[in-house]
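> What follows is a predicted protein model with its sequence.
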Amino acid sequence: MTKNFAFRGALLGSCLAVAATSVTAKELRGWNIHVEDYPVSIAMESFAAEIAERTDGELTAKIFHNGVLGSQPDAIEQIRLGVIDFGEFSLGPMGTSVPETNVVSLPFIFSSIPKMYELMDGEVGEAIGAGMMARGIVPLGWYDAGARSFYNSVRPINTPADVEGLKIRVMSNDLFVSMVESMDGNATPMAFAEVYQSIQTGVVDGAENNPPSYESTSHFEVANFYSLTEHLIIPECLCMSKVTWDKLTPEQQTIVKEAGRSSATLQRELWQAREAASMEIVQAGGTVVNTIADKGPFQKAMAPVYEKFLAENPDLADLVNLIRNAD
């Protein structure tokens with residue numbers, strides 16, 4: 001970790017020096033929704049520094065953090081049009097533009113974070129990437145957004161039966177509503193900002209999210225059972241506009257692609273450290289954490305969710321089966 005931060009610092013220094021002396025450099029504009037010290041943001045800055053150093057300043061990049069260039073859906077469209085050169089996006093909201101990305105929003109589609117890495121860095125990532133390329137988006141590296149798990153104020157969840165009767169806040173997405181209902185829970189879509197008070201007052205019993213979100217929002221104070229179902233593992237992507245990509249020389253494309261992959265490696269390390277720190281905080285605060293010994297029953301409970309999805313998207317069946325049948 002220290003080595004990565006030192007490398008990033010050296011690259012950032014080189015980037016600033018090159019940018020100050022080059023008057024012909026092409027400055028790429030990057031979109032990012034996160035604050036500047038977030039794992040995604042640090043990895044993106046590392047990407048920018050590396051391409052500047054390795055192209056001797058022919059390419060430099062300025063990243064606009066905190067979503068100042070617009071909302072995520074708007075930024076995805078701007079990437080496709082070439083208005084923004086690159087950005088980092090969750091594959092969840094990309095589904096309206098790239099149908100292939102909807103597959104990773106299926107509950108329990110990935111068995112674990114390491115398996116997600118393996119598949120996204122291999123054949124699955126290539127298949128999803130081809131769909132993105134066809135719609136004007138070039139994937140450069142697959143980032144980690146963690147796994148979402150259930151938390152509530154009533155009991156630990158070890159089997160689908162433990163969800164029965166619980167009122168669970170979910171994101172406003174039919175897939176996630178169906179996920180909870182398939183386990184006889186009561187799915188309640190609501191704004192994320194309303195979750196803390198809603199759990200505190202009993203409007204809902206709990207919600208679901210990754211460890212840093214569970215910790216940073218203080219939801220662990222009102223919902224102290226955190227069950228590591230890891231039901232949603234939705235990767236994110238460092239992407240470039242194909243309009244911009246096509247203007248690069250083959251040598252620049254190689255550098256950009258390699259820098260994207262190295263930034264993904266750094267981001268994953270930073271994310272895992274952030275998750276570990278969050279878990280320490282919530283457990284110190286009294287959270288009861290339980291792992292799931294066998295996710296098989298949960299996956300079986302999702303049969304109606306998959307049946308509906310595949311009936312509506314038959315052309316994605318091969319991709320779904322590729323992930324589900326992975327060893």
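Ah, there it is.

> okay, CA-based contacts and neighbour counts for the rest of this
Noted.

> Spit out the contact partners of H231.
107-109, 147-149 (CA atoms under 8 Å, 6 or more residues apart in numbering).

> Please apply the same query to I63.
Applying CA under 8 Å, 6+ apart, we find I63 in contact with 29-32, 44-45.

> tell me the SS of V282?
What DSSP: H, G, I helix; E, B strand; the rest coil gives for V282 is helix.

> all helices in the stretch 1-150 of the chain, in order from the N-terminus.
Along the stretch 1-150 of the chain, the segments classed as helices by DSSP state H, counting those that start in this stretch run 2-21, 39-54, 72-81, 113-120, 123-133.

> Neighbours of P39, how many?
22 (other CA atoms under 10 Å).

> Does it touch Q267 like I think?
Yes - with contact defined as CA atoms under 8 Å, P39 reaches Q267; the gap is 5.6 Å.

> In the contacts of H231, which residue is surrounded by the most others?
Going by other CA under 10 Å, P107 tops the contacts of H231 with 24 neighbours.

> Tell me how far that one lies from G95.
Distance from P107 to G95, counting by CA to CA, to the nearest Å: 15 Å.

> Which two of the contacts of H231 have the greatest separation?
I109 and S149 (13.8 Å; CA to CA).

> Are there residues contacting both of these two? Which ones?
Each of 231-232 lies in contact with both I109 and S149 under the rule CA under 8 Å, 6+ apart.

> returning to that earlier point: among the contacts of I63, which one lies nearest to A161?
Checking the contacts of I63 against A161 with CA to CA, the nearest one is N32 at 39.2 Å.

> Skipping its backbone neighbours, what lies nearest the closest one in space?
Distances taken as CA to CA, 6 or more residues apart in numbering put H65 closest to N32, at 4.7 Å, once the chain neighbours are dropped.

> same check, this time on K257
Closest to K257 by CA to CA, 6+ apart is L140, at 5.3 Å.

> Cross-check the contact I'm expecting between the one you found and M240.
Yes - taking contacts as CA under 8 Å, L140 lies within contact range of M240: 7.0 Å.

> quick one: which of those two has more around it?
Shown here are L140 and M240; by other CA under 10 Å, M240 has more neighbours (28 against 24).

> Okay, now the unreliable bits of the chain?
Scanning the chain for pLDDT under 70 picks out the ranges 1-25, 327.

> in it, which spans are strands?
Secondary structure of the chain, counting by DSSP state E: strands at 26-31, 59-64, 86-90, 137-143, 148-152, 167-170, 186-189, 206-209, 225-232, 236-241, 288-291.

> strands paired with the longest one, and their directions?
Take DSSP bridges as the rule and strand 225-232 pairs in its sheet with strand 148-152 (antiparallel), strand 288-291 (parallel).

> report the angle between the axes of it and helix 113-120?
Interaxial angle, strand 225-232 versus helix 113-120 (axes from the mean of the first three to the mean of the last three CA atoms, to 10 degrees): 10 degrees.

> Same check on the second one?
Using the same axes, to 10 degrees, the interaxial angle of strand 59-64 with respect to helix 113-120 works out to 130 degrees.

> before we move on, what about the first one?
Using the same axes, to 10 degrees, the direction of strand 26-31 lies 130 degrees away from that of helix 113-120.

> Hmm, W245 is touching I137, no?
No - assessed by CA under 8 Å, W245 is found out of contact with I137, at 9.0 Å.

> what about these two, which has more around it?
Shown here are W245 and I137; by other CA under 10 Å, I137 has more neighbours (29 against 19).

> quick one: buried residues of stretch 181-201?
By neighbour count on 16 or more other CA atoms under 10 Å, the buried set for stretch 181-201 is 181-189, 195-196, 198-200.

> May I have it as CSV, with CA atoms only?
Provided in CSV are the C-alpha atoms of stretch 181-201 (Å, rounded to 0.1, in the frame of the first residue of the first chain):
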residue,chain,number,x,y,z
GLU,A,181,-40.0,-10.1,-2.1
SER,A,182,-38.7,-13.5,-3.3
MET,A,183,-37.6,-14.1,0.3
ASP,A,184,-41.0,-13.0,1.6
GLY,A,185,-39.6,-9.7,2.9
ASN,A,186,-41.3,-6.3,2.5
ALA,A,187,-39.2,-4.2,0.1
THR,A,188,-39.5,-0.5,0.7
PRO,A,189,-37.9,1.8,-1.9
MET,A,190,-37.0,5.2,-0.4
ALA,A,191,-34.4,7.9,-0.6
PHE,A,192,-31.1,6.9,1.0
ALA,A,193,-31.1,10.1,3.2
GLU,A,194,-34.2,8.9,4.9
VAL,A,195,-32.9,5.5,5.9
TYR,A,196,-31.4,6.3,9.4
GLN,A,197,-34.6,8.0,10.7
SER,A,198,-36.8,5.3,9.1
ILE,A,199,-34.9,2.5,10.9
GLN,A,200,-34.8,4.5,14.2
THR,A,201,-38.6,5.0,14.1
